[in-house]
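In: Okay, predicted coordinates and the sequence, questions at the end:
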Amino acid sequence: MNALAPFEFDDKILQQGAEISRKLNQLRLEKFPPNAQKTLRRFPMAEVAHYLGVSPNNLKRLHLEGKGPKPSTGAGGRRFYTAEQMLELRHYLDKNGRSEVKKYVPHRKPGEKLQVIAVVNFKGGSGKTTTAAHLAQHLALTGHRVLAVDLDPQASLSALYGFQPELDKNPSLYDAIRYDEQRKSIRDVILPTNFPSLDVIPANLELQEYEYDTPLAMQNSAEGKRFFTRFGNALKEVDSSYDVVVVDCPPQLGYLTLTALIAATSVLITVHPQMLDLMSMSQFLLMLGNIAKTIKDAGAEVRMDWLRYLITRFEPTDVPQVEMLGLMQSMLAAEMLKAQMVKSTAISDAGLTKQTLYEVERANFTRETYDRAIECMDAVNFEVQGLIHQAWGRL
């Protein structure tokens with residue numbers, strides 16, 4: 001057996017990182033030609049009706065009467081709408097619908113505050129990014145104006161939305177909250193996505209600079225001592241443009257996470273039902289609570305409309321997981337979402353092509369696998385949507 005030869009660590013990892021980046025970009029070009037920009041599938045009439053909150057027969061009648069956008073027709077006479085047409089339909093129904101109660105365009109009304117949802121967990125692998133990505137897309141599909149913010153320097157949410165930070169050279173939130181004269185307006189770091197009504201602030205490694213800059217700024221300036229207000233203040237510039245902001249926080253309790261939590265109106269904590277994950281979450285909550293008290297004493301407003309725990313990657317046939325779910329429900333029943341996100345190969349397989357369940361074609365999976373996954377995902381997201389509307393005082 002040959003002896004191991006020492007190597008230069010920095011050169012090695014830089015070389016491997018560049019090679020992985022090159023291969024990922026090659027796959028992106030193959031999946032989304034000609035310009036590596038994500039597109040979006042068409043939605044069948046039944047799915048459109050589901051997100052609009054009407055019956056398929058209602059949409060069929062509109063089409064036959066020549067009202068609203070004209071769908072395309074596929075094999076077997078099936079009708080499909082683009083996401084843009086779905087939004088057009090929503091506005092048509094809101095203007096011409098027969099119901100006086102149902103509102104098809106759920107935008108904020110005067111007096112209803114911007115909802116900022118921080119999706120957090122101290123431990124990686126809890127499904128945090130998957131949850132944030134799907135929640136933002138679901139809210140857009142159901143008619144809300146949404147801003148997704150990737151606060152994790154590893155940029156997993158950005159990758160799922162079709163960005164590759166080291167190649168695309170996009171700005172991040174760091175540009176809008178940095179302490180020097182290079183700070184930009186948050187409007188300058190917002191980019192569109194392939195979903196109408198959904199914009200994103202992607203992440204990049206530069207975000208990590210905020211973790212290094214903030215301690216120095218706290219020593220040298222009053223602005224630094226109130227670091228926790230920077231994200232919230234930046235959001236004020238675009239307050240009227242959105243209904244909901246979904247923030248994918250990094251899996252650590254640093255300055256970025258604290259800045260997001262102070263700006264948040266609600267918190268969604270993802271939990272994998274395993275003992276080690278529960279222990280990690282316990283430590284996270286204790287640390288967060290103590291830090292929040294300190295920040296509150298410094299003058300921060302630390303009030304939330306709601307806090308919920310979401311069970312993710314749940315396997316209903318796994319007895320220890322079911323027992324752990326029961327333990328959590330016995331302690332946190334009022335704060336747990338009733339719906340759980342089951343573990344599904346549909347989600348992981350979609351992720352292989354940097355797609356979500358809302359983007360992939362159902363035909364790529366067995367019907368049972370896809371339907372089970374999308375049913376669980378919708379149940380979670382409609383429940384969160386209900387909490388948002390409750391916070392606005394809607395029944």
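Out: Nice, I can see it.
In: rest of the way, CA atoms for contacts and neighbours
Out: Noted.
In: the strands in the stretch 1-150 of the chain, which residues?
Out: Secondary structure of the stretch 1-150 of the chain by DSSP state E, counting those that start in this stretch: the strands cover 43-44, 72-73, 79-81, 115-120, 146-150.
In: For the first one, which strands pair with it and how are they oriented?
Out: Yep, that's strand 43-44 we're talking about. Sheet neighbours of strand 43-44, with direction, are listed as strand 79-81 (antiparallel) (DSSP bridges).
In: Then the longest one?
Out: According to DSSP bridges, the neighbouring strands of strand 115-120, each with its direction, are strand 244-248 (parallel), strand 266-271 (parallel).
In: where in the chain is pLDDT low?
Out: Along the chain, segments meeting pLDDT under 70 span 1, 4-7, 9-10, 12-13, 21, 33-36, 98-102.
In: tell me the domain boundaries of it?
Out: 43-96, 115-391 (automatic domain parsing).
In: got a markdown table for those, with distance to Leu29 and mean neighbour count too?
Out: A markdown table is the format used below for the domains of the chain (distance: least, CA to CA, whole Å; neighbours: other CA atoms under 10 Å):
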| stretch | distance to Leu29 | mean neighbour count |
| --- | --- | --- |
| domain 43-96 | 23 | 16 |
| domain 115-391 | 11 | 19 |
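In: Which one of those domains lies nearest to Leu14?
Out: Nearest of these to Leu14, taken as CA to CA: domain 115-391 at 12.4 Å.
In: which residues touch the residue nearest the centre of the chain?
Out: The chain has Ala132 as the residue nearest its centroid, 2.4 Å off, counting by CA atoms, centre = their mean. If you count contacts by CA atoms under 8 Å, 6 or more residues apart in numbering, Ala132 has them with Val119, Leu157, Val246, Val247, Asp248.
In: Arrange these in JSON lines, one row each, with distance to Ala339 as further columns.
Out: As requested, the contacts of Ala132 are exported to JSON lines (distance: CA to CA, whole Å):
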{"residue": "Val119", "distance to Ala339": "16"}
{"residue": "Leu157", "distance to Ala339": "23"}
{"residue": "Val246", "distance to Ala339": "19"}
{"residue": "Val247", "distance to Ala339": "21"}
{"residue": "Asp248", "distance to Ala339": "20"}
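In: sec struct for Val200, please.
Out: strand (DSSP: H, G, I helix; E, B strand; the rest coil).
In: Please disregard the earlier target; I meant Leu286.
Out: Three-state assignment for Leu286 (three-state DSSP): helix.
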